[in-house]
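# mind looking at a prediction? Sequence and model below.
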Amino acid sequence: MIGPFARALALVLLLTSTTGAVADDGTPREDGARLFEDAGVTGTLLVVDERAVDGRAIKRNGRQYVHDDARARQRFVPASTFKIPHLLFALDAGIATDASQPFRWDGVQRRFAHWNRDQTLAEAMRGSTVWVFQGFAKALGERRERRYLRRLDYGNRSVAGGIDRFWLDGGLAISAVEQVDMLRRLRRDALPFEVAHQRLVKDLILIERGPGFVLYGKTGWTFDAEPQLGWFIGWVDTADGAVFFALNVDMPGGAADAPKREAIVRKALVSIGALPAA
């Protein structure tokens, strides 16, 4: 069993800033970009650890560790991580209903084979099926999209770039810091949407359940950019509390870099005992 001090030290050694920043416990950060250097990508990872230490609750903002603090505060297009709030918008508007809701494929061949068939809502969320959510956006329209973005205070709230593209390669942008804030509220059912809708979204982003943990998350990938951009956001529930994360990386290798999003996060979470070693 890894202790709280060892957890914090391990994360400080892994998640470090090239600008010589310190962790919120005052521990100096050493050379740090090892996770990103080993993966051969550039990006940021913010981790907020809310787990109790020795049975005692921690301060309100949790133990926070970050690689590249400046980038963690910089806004980027959210790509498919936007499916989390977008589904809440669609549920609130009555466009989406439940996990088994069917969507008929239009026959247009798209980038991934699993998109090219009929979908349920659960399949569309877990398979990140873009055309289903583009349908939601068209049904909602710009006025309602703007209203929901304001209600949630999501990133820069922009719908520039087209009603079916604004979150993919358009004007919408959000930072890793803002992503984590949204996730912390979602976990507590504290977003300005019906609790039942928030719980459905959480069910649909559950990735893995194991002894002592449940991992929730959503990836994102902006294809039409140079370099391409990837996201992985979410949290781990443990008996002692939750650990939240938001990563974004430049993906010059495209599909070859896509698995690195989750791999970097998992290594960081294993290092602090939030996930078991493989």
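Okay, I see it.
# buried residues, stretch 182-192. List them.
Burial within stretch 182-192, assessed by neighbour count using 16 or more other Cβ atoms under 10 Å, is assigned to 182-184, 186-187, 191. For glycine as for every other residue, the C-beta is placed from the backbone atoms N, C-alpha and C.
# of the residues you listed, closest to Phe245?
Of all those, Leu183 has the smallest distance to Phe245: 8.5 Å, by Cβ to Cβ.
# give the next helix or strand downstream of the helix or strand that closest one falls within.
Here Leu183 sits within helix 176-187, counting by DSSP states H and E. Where DSSP H and E defines the elements, the next helix or strand beyond helix 176-187 is helix 195-204.
# ok, and what's touching that next one?
Contacts to helix 195-204, defined as Cβ atoms under 8 Å, 6 or more residues apart in numbering, come from residues 84, 87-88, 91-92, 98-99, 121-122, 125-126, 186-187, 189, 191, 216.
# please indicate which of these are buried?
84, 87-88, 91-92, 121, 125-126, 186-187, 191, 216.
# which of these lies closest to Trp105?
Ranked by distance to Trp105 (Cβ to Cβ), the buried ones among the contacts of helix 195-204 are led by Leu121 at 13.9 Å.
# pretty sure the closest one contacts Gln101?
Yes: with contact defined as Cβ atoms under 8 Å, Leu121 reaches Gln101; the gap is 4.3 Å.
# please name the residues that touch Arg51.
By Cβ under 8 Å, 6+ apart, Arg51 lies in contact with 58, 238, 240-243, 274.
# hang on, the earlier thing: of the contacts of helix 195-204, closest to His67?
Comparing these against His67 with Cβ to Cβ picks out Tyr216 as the nearest, at 21.3 Å.
# in the host helix or strand of that closest one, what's buried?
Using DSSP H and E, Tyr216 sits in strand 213-222. Burial within strand 213-222, assessed by neighbour count using 16+ other Cβ under 10 Å, is assigned to 213, 215-222.
# now do stretch 203-212
Buried, per 16+ other Cβ under 10 Å, within stretch 203-212: 204-205.
# what about that stretch, average pLDDT?
The average pLDDT within stretch 203-212 is 97.
# for it, what is the distance to the chain centroid?
Mean C-alpha position of stretch 203-212 versus that of the full chain (Cα atoms, centre = their mean, to the nearest Å) differs by 15 Å.
# same check on stretch 185-204?
Centroid displacement of stretch 185-204 relative to its chain, using Cα atoms, centre = their mean, is 15 Å.
# end to end on it, go ahead and measure it.
17 Å (Cα to Cα, to the nearest Å).
# for the residue at the greatest distance from the centre of the chain, give its distance to Val132.
The outermost residue of the chain relative to its centre, with distances by Cα atoms, centre = their mean, is Gly107 at 29.9 Å. From Gly107 over to Val132 the distance is 14 Å, taken as Cβ to Cβ, to the nearest Å.
# and His114, by the same measure?
From His114 across to Val132, the span is 12 Å (Cβ to Cβ).
# compare neighbour counts for these two and give me the winner.
Val132 (23 against 13; other Cβ atoms under 10 Å).
# quick one: residues contacting the closest residue to that one other than its chain neighbours.
Using Cβ to Cβ, 6 or more residues apart in numbering and skipping the chain neighbours, the partner closest in space to Val132 is Ala124 (3.9 Å). Neighbour list for Ala124: 103, 132-133 [criterion: Cβ under 8 Å, 6+ apart].
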